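Peer 1: okay, here's the prediction I keep looking at, along with the sequence it came from:
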Amino acid sequence: MDDNKELQDKDVRKIWLYAGFGAIFSAIAMPIIIFVSSGESASIATFKSLGAVGDFFGGSTIGFLSLASIFFVIHAIRIQSQELAFQREELRMTNEELEKTRLQHELSNQTLIKQQFDSTFFKMIDLHNSIVKEMEYRQKSSRSAFMFFWNYFVGEVRRDIFKKYDNGDGVINGQKVERNIFLENYRNEQSVNAFVTSFLSEHEYLLGHYFRNMYRIIKFIEESQLSKEEKRNYRGIFRAQLSTYELYLLFYNVNYYDDGQNFRELIRGKNFFDQHIDGLFEQNVVLAALNKQVYQDLN
């Protein structure tokens, strides 16, 4: 279609050019033709005798020349219009090339940023796994140490709640309840926070660097330029490194430990635990009701 239009433009330009030359030819030829047709001889006296007829031919010649100049101006305008069209097309193509270059550069930059992120992220994952592997607690190591520590921790929480029950604080909704029901439905979050904070502070030497590294990993993800979906995927990759007991400990750390509040804010609304800690909400489980409540608040 563009080729046909270009051919049409060329034809139109030729028409105006030929029209201009035709007008010039007419301006030159018309007096000669009339003079020859008159049968007069070419002399000074003959030209003087033409009189008004000569004035007519002079005027018509000027008219043809003026018409020729108009045709040439139109021809020049057509050429300039075509050149401007070519320039606009070249400018458009140049802009398209610049846009493609910009997009390629942006894509390359995003790819580089993504590669740098992946490199750092998986190094942090490797460090996390190294910390887990080196974990030791009461002759247990690695993930077994976390399982053993969790059982010890939840046993201490249970003992603290039973102590409150035995001291007369065994009332739920205005009624005295059995020990196990009290254990499951105890909701004094302030008291639980105080106990968990005290307990984890005593074991800071054991778990401090472990929780700090996890916090740095999540913060690294959340402060990146990744999309929400990409961040969710990377959080999932990190969560997949954690055993059930590690997730349980992390839940208590971010919800009941004073120093875990920054971590809590990082994962608030992110559904980080994603139904992987349902065991904390089951019947006869320590603080099941309170755990479920804070879990809902977290998400």
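Peer 2: Arrived safely, thanks for sending. Numbering: from 1, shown residues only.
Peer 1: show me where the stretch 51-200 of the chain has strands.
Peer 2: According to DSSP state E, counting those that start in this stretch, the stretch 51-200 of the chain carries its strands in the segments 136-137, 140-141, 171-172, 175-176.
Peer 1: to residue 269, which of the ones you listed lies closest?
Peer 2: Counting by C-beta to C-beta, residue 269 lies closest to strand 171-172 out of those; the figure is 30.2 Å. Where C-beta positions appear, they are placed from N, C-alpha and C, glycine not excepted.
Peer 1: in its sheet, what does that closest one sit against?
Peer 2: Partners of strand 171-172 in the sheet, by DSSP bridges, are strand 175-176 (antiparallel).
Peer 1: any idea how far the strand it pairs with is from the chain center?
Peer 2: 56 Å (C-alpha atoms, centre = their mean, to the nearest Å).
Peer 1: try stretch 238-246
Peer 2: 29 Å.
Peer 1: stretch 95-102 now?
Peer 2: With C-alpha atoms, centre = their mean, you get 19 Å for stretch 95-102.
Peer 1: any chance of the strands of the stretch 51-200 of the chain in TSV, plus mean pLDDT, mean neighbour count and distance to residue 210?
Peer 2: Compiled in TSV, these are given as follows (pLDDT from 0 to 100; neighbours: other C-beta atoms under 10 Å; distance: least, C-beta to C-beta, whole Å):
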stretch	mean pLDDT	mean neighbour count	distance to residue 210
strand 136-137	91	14	11
strand 140-141	90	14	14
strand 171-172	74	13	35
strand 175-176	79	10	40
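Peer 1: can you list those in a markdown table and add distance to residue 69?
Peer 2: Listed next are these as a markdown table, based on distance: least, C-beta to C-beta, whole Å:
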| stretch | distance to residue 69 |
| --- | --- |
| strand 136-137 | 102 |
| strand 140-141 | 102 |
| strand 171-172 | 107 |
| strand 175-176 | 112 |
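Peer 1: between these, which gets nearest to residue 150?
Peer 2: Of all the strands of the stretch 51-200 of the chain, strand 136-137 comes closest under C-beta to C-beta, at 10.1 Å.
Peer 1: next, find the distance separating residue 264 from residue 275.
Peer 2: With distances taken as C-beta to C-beta, to the nearest Å, residue 264 is found 18 Å from residue 275.
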